[in-house]
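J.: give me a model of this one.
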Amino acid sequence: MNNLYYVKSFEEDFHTKTIRNNRKINFQAIEDVIKTRTLKPNTKSFNQKRRLSTTILHENYLRTYRPQGLIFTTKMKPDHVLPFDLVLLSDAKKIIVHYFRIKKNIHIYYNHDLLPGFEKFIFKTFNDLIKKFPIVEDAWQGVNKFRVKHNYKKLSRQKYRLVQYNEAVFFRQIKVCPVAIFGYKKEVRIMAKKLNLPHFRSAKEFYSKTVKNN
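T.: Predicted coordinates for the structure are as follows:
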């Protein structure tokens, strides 16, 4: 696939976060991303290497981890991609969908391990992922079979949101070309104006108005 559009979700204060001494702290402000054209790896979880987790927009993947963030392009290729949130491959017995429910104890939530055989859901390219899981429902069925095989309960439909966005992972900082900012709140619109970037209420709106019309 050519001309991939990526999303990096930000928290409401438009910072990425990281964990230090079991506390969540600011890591990179969106102003710094725009100024340096660089996104830095901030996520450390599930006993994996520190990484930068993003989402590739596609007609089957138009949801995002958070409701606001940056849409960008990059010439760099992800180290790998997976069809859903990595938490679904962890040994966490209680899967939380809404981030606000865990953000104060995220260091505990992130301290889980990945289940043996999780690698079957890791793909080298997004094209490889789409060939294996052409629709989101296929990924949902696949991860449920995987978890049941490990003696976990089948995921309730309330967890379905976690398969509606993919993860494109980089293990190094990347150079980016900012394209737009999305988010439905007034503060997001103000930030977009401040940074002189187009604003959309959601990544889905961006995709339907920009990508599908080209």
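J.: can you give me the helices in this structure?
T.: Counting by DSSP state H, the chain has helices at residues 30-36, 106-109, 126-132, 136-149, 186-194, 203-206.
J.: for the ones you listed, which has the smallest mean pLDDT value?
T.: Of all the helices of the chain, the minimum mean pLDDT falls on helix 106-109 (a mean of 56).
J.: so which of the helices of the chain is the most packed in?
T.: Most buried of these, by mean neighbour count (mean count of other CB atoms under 10 Å): helix 203-206, with a mean of 20. C-beta: built from backbone N, CA, C; applies to glycine.
J.: for that one, which helices and strands make contact with it?
T.: strand 69-73, strand 177-182 (3 or more CB pairs under 8 Å, 6 or more residues apart in numbering; DSSP states H and E).
J.: distance to residue 190 and mean pLDDT added to those strands, as CSV?
T.: What follows is these, written out as CSV (distance: least, CB to CB, whole Å; pLDDT from 0 to 100):
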stretch, distance to residue 190, mean pLDDT
strand 69-73, 15, 98
strand 177-182, 10, 98
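J.: looking at those, which is buried most?
T.: With neighbours defined as mean count of other CB under 10 Å, those peak in mean count at strand 69-73, which reaches a mean of 22.
J.: need the CA coordinates for it. PDB is fine.
T.: Extracted in PDB, the C-alpha atoms of strand 69-73 (Å, rounded to 0.1, in the frame of the first residue of the first chain):
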ATOM      1  CA  GLY A  69      -4.200  13.000  18.000                       C
ATOM      2  CA  LEU A  70      -2.000  13.700  15.000                       C
ATOM      3  CA  ILE A  71      -2.300  12.300  11.500                       C
ATOM      4  CA  PHE A  72       1.000  12.000   9.700                       C
ATOM      5  CA  THR A  73       3.000  10.300   7.000                       C
END
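J.: and that strand, what does it pack against?
T.: Judged by 3+ CB pairs under 8 Å, 6+ apart, strand 69-73 is in contact with strand 6-9, strand 177-182, helix 203-206.
J.: contacts only, for residue 121.
T.: 82, 83, 84, 89, 142, 143, 146 (CB atoms under 8 Å, 6 or more residues apart in numbering).
J.: specify which member of these is nearest to residue 57.
T.: residue 83 (14.0 Å; CB to CB).
J.: now do the contacts for the closest one.
T.: Residues near residue 83 by CB under 8 Å, 6+ apart: 121, 123, 129, 132, 133, 136, 139, 142, 163, 166.
J.: ok, and the closest non-adjacent residue to the fourth one?
T.: The one in question is residue 132. Counting by CB to CB, 6 or more residues apart in numbering, residue 132 lies nearest to residue 123, which is 6.9 Å off, once chain neighbours are set aside.
J.: could you export the contacts of residue 121 as a markdown table, including distance to residue 170?
T.: Listed next are those as a markdown table, based on distance: CB to CB, whole Å:
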| residue | distance to residue 170 |
| --- | --- |
| 82 | 13 |
| 83 | 17 |
| 84 | 18 |
| 89 | 18 |
| 142 | 24 |
| 143 | 22 |
| 146 | 25 |
